[in-house]
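# Predicted model, plus sequence, below.
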Amino acid sequence: MDIVSLDQVNHFLLGKQYLLDKFDESLIQIVRDICGLHATSATIPYLSLFSRMSNFKKEALDEEL
């Protein structure tokens, strides 16, 4: 059995959440992959997508909503 380090687990989880790099995936694909956007204020979904997407535009989320 292989031993997995905490750093390896964290790296995997950050990648799975699109937080290692900014991606060119579609807004819808990212939201599907991370199982939705969760927010406690109105600006959090925008900030969440801005941190994950290389070409995020505020209007793109407005349009999808």
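Cool, the structure landed. In this text, all values refer to a predicted model and were calculated from it rather than measured experimentally.

# Can you check which helix is longest in the protein?
Identified as the longest helix of the chain according to DSSP state H is helix 6-16.

# Give me the contact list for the helix or strand that it is followed by.
For helix 6-16, the following helix or strand on the C-terminal side (DSSP states H and E) is helix 27-33. For helix 27-33, contacts defined as CB atoms under 8 Å, 6 or more residues apart in numbering pick out 16, 18, 23, 25, 37, 49, 52-53, 56, 60-61, 64. Every C-beta, even on glycine, is put in place using the N, C-alpha and C of the backbone.

# Output those in CSV, with pLDDT and distance to Asp7 appended to each entry.
Converted to CSV, the contacts of helix 27-33 look like this (pLDDT from 0 to 100; distance: CB to CB, whole Å):
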residue, pLDDT, distance to Asp7
Lys16, 90, 15
Tyr18, 90, 19
Phe23, 84, 22
Glu25, 83, 25
Leu37, 84, 27
Leu49, 92, 27
Arg52, 92, 21
Met53, 92, 26
Phe56, 92, 28
Ala60, 91, 34
Leu61, 91, 32
Glu64, 89, 35
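
# and those residues, which are buried?
Buried residues within these, counting neighbours by 16 or more other CB atoms under 10 Å: 18, 23, 49, 52-53, 56, 60-61.

# burial of Asp62, as a residue count?
9 (other CB atoms under 10 Å).

# Check it and give its pLDDT.
For Asp62, the pLDDT comes out at 92.

# and it, what helix or strand is that in?
For Asp62, the element it lies in under DSSP H and E is helix 58-64.

# tell me which residues of the lowest-mean-pLDDT helix or strand in the chain are tucked away?
Sorting the helices and strands of the chain by mean pLDDT, DSSP states H and E puts helix 27-33 at the bottom, at a mean of 90. Residues 27, 30-31 are the ones in helix 27-33 that count as buried (16+ other CB under 10 Å).

# Only alpha carbons, please: show it as CSV.
Below are the C-alpha coordinates for helix 27-33, written out as CSV (Å, rounded to 0.1, in the frame of the first residue of the first chain):
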residue,chain,number,x,y,z
LEU,A,27,-18.0,28.7,-16.8
ILE,A,28,-20.6,26.0,-16.8
GLN,A,29,-18.0,23.2,-16.8
ILE,A,30,-16.2,24.6,-13.9
VAL,A,31,-19.4,25.1,-11.9
ARG,A,32,-20.4,21.5,-12.7
ASP,A,33,-17.0,20.1,-11.7
